[in-house]
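Asks: need a structure here:
(chains A and B)
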Amino acid sequence: MLFPLKKTAATNRVVVTGAGIITALGNGWRVNADGFRAGKTAFRPVTLFDVSRQRVKIAAEIDLPADFPETKLNHFHRLGRASRMLLLAAHEAWTQSRWQAAPGIPVVLGTTSGEMALGETYLRQAIESPKKFRSQPSRVEHYQVQRQGLDVCNAFGFSGPITTISNACASGANAIGHAFELVRSGRAERALAGGYDALCQLTFAGFDSLQALSTQPCRPFDANRDGLSLGEGAAVVTLESLDSAQRRGAEILGEIAAYGAATDTHHLTQPHPQGDAALASMSAACAMANLTPGQINYINAHGTATSQNDATEAAAINRWAGAEAGKIFVSSTKAGIGHLLGAAGAVESVICLMALREQFLPPQTSLATKDPACGFQVVSHPTNRRVDTVLSNSFGFGGANATLIFRRWL
Amino acid sequence: MNVTGSGFSVQGLKVAVQGVGAVSPAGWGVESLYEAWKKGVPLPAGQVARPGWEKPMAVRNLPPPPTRPAFLAHPRLRRATAIGQHTVAAALEAMGTDLEQIQAGAIRPGIIVCVLSGAVNYSRRFYEETLRDPATASPLLFPETVFNSSASHLAAFLGVTAINYTLVGDDGTFLQGLALAADWLAEGRVDACVVVGAEENDWILSDALRLFQRDAIHAAGAGAIYLKKDSGTAELAAITDPVLLTQSETREAAVQKVRDQLPSAPASEWFLSDRVKLIFGEAFTASAAWQCVLACESIRRKEMSAANVSVSGTNQQAIGARFSV
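Replies: Residues are numbered from 1 along each chain as shown, chains lettered A, B, ... in the order given. Okay, the predicted model is just below:
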């Protein structure tokens, strides 16, 4: 039963035993870790839809692999781009964790658009050829967000439950945070969580209509930044209690130490200028982890490279860290792969795990002139460094703010 | 009651239904929803035009509110979508007399809004503008298309900065939302929590629905349940484990597995998806919310001491709930 709640005596420590990732840098941990360590960028002209009448013409598109790993899913050929990315990431995480299918493994996913490109095709056909129904039922079925969660369950032969959180660009972080809470509280011994979003015309045109996109690769925290760049991707992690992982002899990639969330009511698309909700979110996470800002080695910032987001996040980090701010290293990996929207928080969580496992700080090599509002250090060159504790911020339209803290596992 | 403030010891946690709210094709408010339910007669349907077709499709819209809702004067709600308006109207009715304390910051509620389709009207309009010419697509429409715009507007109206989730899924997602609210209450993350299931109408939704259920009539509206830890008009007694409609599970078997998790009850104390959808129309998460609202309202009116809700969703899951005195 989901309610009454399962009685639990103590809180569990929560560890990550599998991680899967696909971005425009490539498919899988290795190619992405190498790319983020070097500060590679992956922007190119958009080919997925017509951008000839858009102001902006670049994004970080993924080349999906031609071969797909074998799973129990019986309708792979019907899946859209977002589902395929999600399943690739889930397969890597599932395989690495060495989990076996079992009843009652919660799936918690974050997305903003689901399989929106199928919805776009449906609408175009409904307008242009209203009496032709060919492929329309399949588009409706696979467009729906819950379908992607079901595909994950079907692919690996387990039975959920499925929760999909759509808190705009904080969705992926909220999903991992929620899964973390399920395991921490003892409601579940393990949970699969992640985020995914594929590029689609509606979203691209939407951000372009808001004049939020840069015509060149984005430059987070740069004094001359002029907007964000969009990307696409997915990341999935397998979370379990430390007891469960140790009992199985599983390899532990890192520990999730805390999750904080808060709501910014200032405006639907604009953050509070002083970053009140971001501050609340970071403070709540630090309180849960029993850490001070000075104990955080690296922050993977939301850092979209819009004028307002970065100013707000800088203000929030400055306020939160106080006198410790100058010692904290910060970067936004959106400089390399763009803003992945609902996938961002999940992909950036896996990047944090990479930093902890492989002891590096991901640089944003496109940084030219640091915004003087940043009281912290912005990582602009490849840097090998001891990293024990990292924090990841995700903020979204509608005022969704989420913070995750990860710890190195030795 | 035995709830500890720290950690997750939740033995004996009681979660009370403090209030319910609804907007539906029957009208604005729980009273009209309940009256229509008691009559048991399908509500009259309106019509919606579909491009390229001479014959319109049947649809159940909301009737106009008796008076203009005061919340529409809020800057965030003037241009809000229909689903945003439905969400706020149902939530405010459910919060009832607590509203003043919430806006004063004396009560810190969580917000969970559950949707299947979300702000599909603005999304469809924005994409049509994009197809005509992306260079002139309206920046006013796009921000409202995000799934969590309704939850955001509700938080802004209330001035609430506590945790706020938008859950996307089929009908049963509303019941998952109730269980999540109980979680947040148990953890002490919030003092109260409002859970809303909300949908809106658009011709594209009716068009898509007909591909799967030829006789179904799409409907708009919202239902809301406001939960707290202390006593209320009804108690949340159980939310079953959901049974997913996976490749290996038939709908009939899934529904039976859900019903087997709930105590037996006479037919009059079961609130089923089919009957609610027959009367009000197919409104996905809002339909499931109406089922729960009707169950709680029947208990409040002392027509029964307990009620079971069985939700058979469109394609994700079957799930059930039980409410009692």
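
Asks: in the stretch 101-250 of chain B, which spans are helices?
Replies: Ranges of helices within the stretch 101-250 of chain B are B:120-132, B:149-158, B:173-187, B:203-210, based on DSSP state H, counting those that start in this stretch.

Asks: Tally up the residues packed near the closest residue in space to A:Ser166 that isn't next to it in sequence, please.
Replies: Spatially, and ignoring its direct neighbours in sequence, A:Ser166 is nearest to B:Phe147 (3.7 Å; C-beta to C-beta, 6 or more residues apart in numbering or on different chains). No exception for glycine: its C-beta is placed from N, CA and C like everyone else's. By other C-beta atoms under 10 Å in any protein chain shown, the residues close to B:Phe147 number 31.

Asks: Could you report the pLDDT at B:Phe147?
Replies: Note for B:Phe147: predicted pLDDT of 98.

Asks: So it sits against B:Leu116, correct?
Replies: No - using C-beta atoms under 8 Å, B:Phe147 makes no contact with B:Leu116, being 10.0 Å away.

Asks: list residues touching both of these two?
Replies: B:Val168 (C-beta atoms under 8 Å, 6 or more residues apart in numbering or on different chains).

Asks: how about the nearest residue to the residue of the stretch 1-150 of chain B found nearest chain A, chain neighbours excluded?
Replies: Across the stretch 1-150 of chain B, the shortest distance to chain A (C-beta to the nearest C-beta) belongs to B:Gly52, at 3.0 Å. Leaving out its chain neighbours, the residue that sits closest to B:Gly52 by C-beta to C-beta, 6+ apart is A:Pro130, at 3.0 Å.

Asks: re earlier: if I look at the residue of the stretch 1-150 of chain B closest to chain A, how far off is B:Asp207?
Replies: Look at B:Gly52 and B:Asp207: by C-beta to C-beta, to the nearest Å, they are 10 Å apart.

Asks: What of A:Val145?
Replies: Taken as C-beta to C-beta, the span from A:Val145 to B:Asp207 is 19 Å.

Asks: Among the two, which residue is more densely surrounded?
Replies: Using other C-beta under 10 Å as the criterion, A:Val145 and B:Asp207 rank with A:Val145 on top: 29 against 23.

Asks: Quick check: the more buried one vs A:Ile162, distance?
Replies: 10 Å.

Asks: Which neighbours do those two have in common?
Replies: Residues touching both A:Val145 and A:Ile162 by C-beta under 8 Å, 6+ apart: B:Gly169.

Asks: So in terms of bridging, what pairs with B:Ser24?
Replies: Using DSSP bridges, the beta-bridge partners of B:Ser24 come out as B:Gly27.

Asks: got the contact list for it?
Replies: B:32-33, B:36, B:62, B:219, B:221, B:223, B:280, B:283, B:286, B:290.

Asks: Can you give me the buried ones in stretch A:51-58?
Replies: A:51, A:54, A:56, A:58 (16 or more other C-beta atoms under 10 Å in any protein chain shown).

Asks: what's the first-to-last distance across that stretch?
Replies: Taking C-alpha to C-alpha, to the nearest Å, stretch A:51-58 runs 9 Å from one end to the other.

Asks: List of residues touching that stretch?
Replies: Contacts of stretch A:51-58 (C-beta under 8 Å, 6+ apart): A:43-46, A:204-205, A:208, A:211, A:213-217, A:229, B:133-135.
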